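Peer 1: This is the structure alone, sequence omitted:
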């Protein structure tokens, strides 16, 4: 099942592609190289949501969470979004924007492992795996 969204979500996704944050841009530069041979889409419309990055082949959503995701009703909104995706067979990796900025290599190794089907942790809020050789 390919996820898609209604016209207004598609319009929002198109606008968001032009206004990506620095962590999203940096991650996109890596994901467009097809890590693990997988094709990712950026700002992909899925029902009422726009996913930061999505790989349909392995049903994997990657969300880059800035500091604001821990405030207000964002944690509940994120949980509802994750549950909506889970009900459609999509796994969600939440990666902090600070991890993308400080340890992109480790973030990419984690994404590649998840795309291969290695069981990812439910959240990356504790950070990605340490850089190679520091484990």
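Peer 2: Yep, that arrived. What you are looking at is a predicted structure, and each value in this text was computed from that prediction instead of being measured. Numbers count the residues shown, from 1 in each chain.
Peer 1: so what secondary structure elements neighbour the helix or strand hosting residue 113?
Peer 2: Residue 113 belongs to helix 104-116 when assigned by DSSP states H and E. Here helix 104-116 touches helix 22-31, strand 60-65, strand 91-96, helix 97-102, going by 3 or more Cβ pairs under 8 Å, 6 or more residues apart in numbering; DSSP states H and E. All C-beta spots, glycine's among them, are computed from the backbone N, C-alpha and C.
Peer 1: Residues touching the second one, excluding its own?
Peer 2: When you say that, I think you mean strand 60-65. 21, 23-24, 27, 31, 38, 40, 46, 51-54, 78, 85, 90-97, 100, 111, 114-115, 125 (Cβ atoms under 8 Å, 6 or more residues apart in numbering).
Peer 1: what's the offset of the helix or strand that it is followed by from the middle of its chain?
Peer 2: Moving toward the C-terminus from strand 60-65, the next helix or strand (DSSP H and E) is helix 74-87. The chain centre lies 13 Å from the centre of helix 74-87; the measure is Cα atoms, centre = their mean, to the nearest Å.
Peer 1: what does stretch 8-18 give?
Peer 2: On the basis of Cα atoms, centre = their mean, stretch 8-18 sits 16 Å off its chain's mean C-alpha point.
Peer 1: which residues touch that stretch?
Peer 2: So stretch 8-18 is contacted by 4, 5, 42, 43, 44, 45, 46, 47, 48, 49, 50 (Cβ under 8 Å, 6+ apart).
Peer 1: What subset of those residues is buried?
Peer 2: Listed as buried from those are 5, 42, 43, 44, 45, 46, 49, 50; burial here means 16 or more other Cβ atoms under 10 Å.
Peer 1: Out of the contacts of stretch 8-18, flag the one nearest to residue 74.
Peer 2: Taking Cβ to Cβ as the measure, residue 74 sits nearest to residue 49 out of the contacts of stretch 8-18, at 13.5 Å.
Peer 1: how about that closest one, what does it touch?
Peer 2: 5, 9, 81, 84, 85.
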